[in-house]
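Chemist: Structure here, sequence nowhere to be found:
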């Protein structure tokens, strides 16, 4: 089994190409609309998915369905997390299609068998999908423009902000930026570290 490797530049490029093809420049990216209406992949809530396999979402090997945890799907507090999980599964769709097709996952048991077969390299696949999802939902050119706008507003109101180190400033601007892109503050802070 050959696990592909993608560096950050490749992941960013692939996410940008995908976004250009299916969505454009608007933020927030409506990942559900892309999945259901443009890719024609069904989103199916499954009771206790997270409890059964420690995953918020799973994509089928035939690329027809993304299963999501029913409780998270119905809970508005989990909205950003669900969006990220859906984008993560689309990362597998874009990056690992040949590999996933060979897995022939049809059940949760199949999913566990695949993880066992792959072993430690499963972390590489998951890391790729996480970074792809982040690049997809938070386009870096838009992030830079929005961050600059918010920093200017902060400086106009609070001139002492200019003396704050960049890591601390990022934690402050992550809050309003997360709302613009509909991602969690944690995901936004990771984006700002890029």
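Modeler: The structure has been received and is ready for your questions. Only a predicted model underlies this, so the values are computations on that prediction, with no experimental measurement involved.
Chemist: Wait, a strand at residue 105?
Modeler: No - counting by DSSP: H, G, I helix; E, B strand; the rest coil, residue 105 is not found in a strand; it is coil.
Chemist: Looks like it contacts residue 64 (just checking).
Modeler: No - the criterion here is Cβ atoms under 8 Å, and residue 105 misses it with residue 64 at 11.7 Å. The C-beta positions use only the backbone N, C-alpha and C, and glycine is treated the same way.
Chemist: Those two: who's more crowded?
Modeler: Ranked by neighbour count (other Cβ atoms under 10 Å), residue 105 and residue 64 place residue 105 first, with 18 against 12.
Chemist: what's the spacing between the spatially closest residue to that one that is not a sequence neighbour and residue 47?
Modeler: Once flanking residues are discounted, residue 105 sits nearest to residue 61: 4.4 Å by Cβ to Cβ, 6 or more residues apart in numbering. Applying Cβ to Cβ, to the nearest Å, the value for residue 61 to residue 47 is 22 Å.
Chemist: Check residue 110 and give its pLDDT.
Modeler: pLDDT recorded at residue 110 is 80.
Chemist: Residue 145: helix or strand, and which one exactly?
Modeler: helix 140-157 (DSSP states H and E).
Chemist: which of the residues in the helix or strand following that helix are buried?
Modeler: For helix 140-157, the following helix or strand on the C-terminal side (DSSP H and E) is helix 166-181. Neighbour counts over helix 166-181 (16 or more other Cβ atoms under 10 Å) mark 169-170, 173-174, 176-178, 180-181 as buried.
Chemist: Please name the nearest non-neighbouring residue to the residue nearest the centre of the chain.
Modeler: Taking Cα atoms, centre = their mean as the criterion, residue 133 is the residue nearest the geometric centre of the chain, at 2.7 Å. Spatial nearest neighbour of residue 133, excluding adjacent residues (Cβ to Cβ, 6+ apart): residue 87 at 3.6 Å.
Chemist: The one you found and residue 137 touch, don't they?
Modeler: Yes - at 5.3 Å, residue 87 and residue 137 qualify as touching, with contact defined as Cβ under 8 Å.
Chemist: shared neighbours, the two?
Modeler: 29, 31 (Cβ atoms under 8 Å, 6 or more residues apart in numbering).
Chemist: who's in contact with the residue nearest to residue 6 when sequence neighbours are not counted?
Modeler: Spatial nearest neighbour of residue 6, excluding adjacent residues (Cβ to Cβ, 6+ apart): residue 128 at 5.3 Å. Residues counted as contacts of residue 128 (Cβ under 8 Å, 6+ apart) are 4, 6, 11, 91, 95-96.
Chemist: ok, now with 10 Å
Modeler: 3-8, 10-11, 14, 88, 91-92, 94-96 (Cβ atoms under 10 Å, 6 or more residues apart in numbering).
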